[in-house]
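Engineer: pasting the sequence and the predicted coordinates here, then a few questions.
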Amino acid sequence: MLNISDKVVKFKSLEEFESCKKIQSLNWPRKLSFWLIGFMVLFIIIMLLPWTQTIRAKGKITTLRPEYRPQSIYPIIPGAIEEWFIREGDTVRAGDTLLRLSEIKTEYFDPNLIERTKEQVIAKEFSVKSYEQKAIALESQIGALQESLLLKLEQAENKIKQVRLKIQSDSIDMQASRVANDIAGYQFLRSDTMYQKGVISLSKWEEKRNKTQETTAKLNGAENKFTISKNELLNALIELNSLKQDYTDKVSKARSERFSALSSIYDAEGSVSKLKNQQTNYESRNQYYYITAPQDGIVSKIYKKGLGEIVKDAEAILSIMPLNAELSVEMLVRPMDYPLLRVGLPVIFTFDGWPAFVFSGWPDGSVGTFSGHIFAIDNVTDENNLFRVYIEPDTNYIHKVWPTGLRVGTGADGSIIMNDVPLWYEVWRQLNGFPPDYYDESKNHGPKMKAAIKNLAK
């Protein structure tokens, strides 16, 4: 072994070494407690910072007014495409011609259809006038028949009066003849007695007998004449009734013909109205061969291509996106958050395609967000059991106005601004799953959709 014991230095303390003098003691327990207290104080300070409660919701760009939403153009009448005047992406103004159609129905092929319909209308109008003249003539005929009936009735009644007077005269004559016949019979009986006794001659007796026969003949004639007069009265009464019946039939027939003429007038007038309606429809149909733009917009898509293609009246030809639409955001919120919403609450959101850096709890520190406020709240859930909330631009809020490049259908991610609370309260609420705010009966929660209509009308 080597003898090195004389060269070994005896160890006394670490401080005797120069390197140990340069190393300081770290004092780890004290340093650790200091940092823990510092972090605790910083955590408490952060928990006491104000935090803005929000309701997160997703949605898309839509429009406030239905006429500003994309619309499809439909032809009023079916037809074949003859000529296009636009293409996809063109900007059109209201009234600009988009395309021209041609007729495909055989009943409208006649180029003089309107003129021929006008001729039919004129012919029917003359028919109406003819029926009117016929009705007037029949009315005059009815009046003449009634006047003639009055005269005939007066003549018949006068004849009846004459016959009755004649009956009275014949009755008197018959009574006188009967008295004369009775007297002649009495005289003949006395003459016959006297002749039997020989008081008078045969010639006197024959004279009395002849006179009796003459009075008997006169009596028979008077009775026959009286019977004839009574028959004449019966005939006059029958003639009077027959006259009434005859004229009643004539007047009834004339009235029936008049009513038929009036019915024909009404029928002809209905035909005239129908023909005029057809004429107007034909004239209006000529205007529908050219399809025009209903409002200013951009031709977004054409569904029918080429020339000669048949289109139906319920088939979309193209779609137009209106210009200068009043945009809004349609968001969907959960039923748990619905009672907390009210019209006028501010909203900040971002749009797809526009970069942003969002602090939901500190909206003032967000970058790239846009502002708005609740315009209307639906009171019926959709098929996904979510409520629709409509947001319109709010230029009075701190964030910038909406970009001009937005289009209907663009996605949006928004935060509805609620109350300002301490951060610790928000953390505690999130951990427990509580809603952002308590229900407040004094607030008008959940306005109905008709509020949007009122605001929109303004």
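Structural biologist: It's in.
Engineer: so what strands line up beside the lengthiest strand in the chain?
Structural biologist: Looking only at the chain and at elements set by DSSP state E, the strand with the highest residue count is strand 50-63. Strand 50-63 has its sheet partners listed here by DSSP bridges as strand 327-333 (antiparallel), strand 411-422 (antiparallel).
Engineer: point out the most buried one among those.
Structural biologist: The densest packing among those, expressed as mean neighbour count by mean count of other C-beta atoms under 10 Å, is seen in strand 327-333 with a mean of 22. For the C-beta atoms, the positions are set from N, CA and C on the backbone; glycine is no exception.
Engineer: CA atoms only: put that strand into PDB for me.
Structural biologist: This file holds the C-alpha atoms of strand 327-333, laid out as PDB (Å, rounded to 0.1, in the frame of the first residue of the first chain):
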ATOM      1  CA  LEU A 327     -80.100  41.300 -41.900                       C
ATOM      2  CA  SER A 328     -80.600  39.800 -38.600                       C
ATOM      3  CA  VAL A 329     -79.300  36.800 -36.700                       C
ATOM      4  CA  GLU A 330     -81.600  33.800 -35.800                       C
ATOM      5  CA  MET A 331     -80.200  32.000 -32.700                       C
ATOM      6  CA  LEU A 332     -81.500  29.000 -30.900                       C
ATOM      7  CA  VAL A 333     -81.500  28.900 -27.000                       C
END
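Engineer: ok, then the element right after that strand?
Structural biologist: From strand 327-333 onward toward the C-terminus, using DSSP states H and E, the following helix or strand is strand 346-351.
Engineer: residues in contact with the residue lying closest to Tyr68 once chain neighbours are set aside?
Structural biologist: Here the nearest residue to Tyr68 in space, its sequence neighbours aside, is Ala325; by C-beta to C-beta, 6 or more residues apart in numbering that works out to 3.6 Å. Under the criterion of C-beta atoms under 8 Å, 6 or more residues apart in numbering, the contact partners of Ala325 comprise 63, 65, 68-69, 408.
Engineer: cool, and Pro75?
Structural biologist: Each residue near Pro75 by C-beta under 8 Å, 6+ apart is listed here: 101, 288, 291, 311-313, 315, 317.
Engineer: inside helices: which ones of those?
Structural biologist: Secondary structure assignment by DSSP state H places none of the contacts of Pro75 in helices.
Engineer: three-state assignment of the residue nearest the centre of the chain?
Structural biologist: Nearest to the mean C-alpha position of the chain, counting by C-alpha atoms, centre = their mean, stands Ile76 at 18.3 Å. Three-state secondary structure (criterion: DSSP: H, G, I helix; E, B strand; the rest coil) places Ile76 in coil.
Engineer: my guess is it meets Asp313, correct?
Structural biologist: Yes: between Ile76 and Asp313 there is a contact under C-beta atoms under 8 Å: 6.4 Å.
Engineer: max pairwise distance over the contacts of Ala325: which two?
Structural biologist: In these, the most distant members under the criterion C-beta to C-beta are Arg65 and Val408, with 11.9 Å between them.
Engineer: more neighbours, these two?
Structural biologist: Of the pair Arg65 and Val408, Val408 is the one with more neighbours under other C-beta atoms under 10 Å, namely 17 against 11.
Engineer: doesn't the more buried one lie inside a helix?
Structural biologist: No: the assignment for Val408, made by three-state DSSP, is coil rather than a helix.
Engineer: wait, it sits on Thr62?
Structural biologist: Yes: under the criterion of C-beta under 8 Å, Val408 makes contact with Thr62 at 6.1 Å.
Engineer: any residues in contact with both of those two?
Structural biologist: Any residue near both Val408 and Thr62 by C-beta under 8 Å, 6+ apart counts here, and that gives 69, 327.
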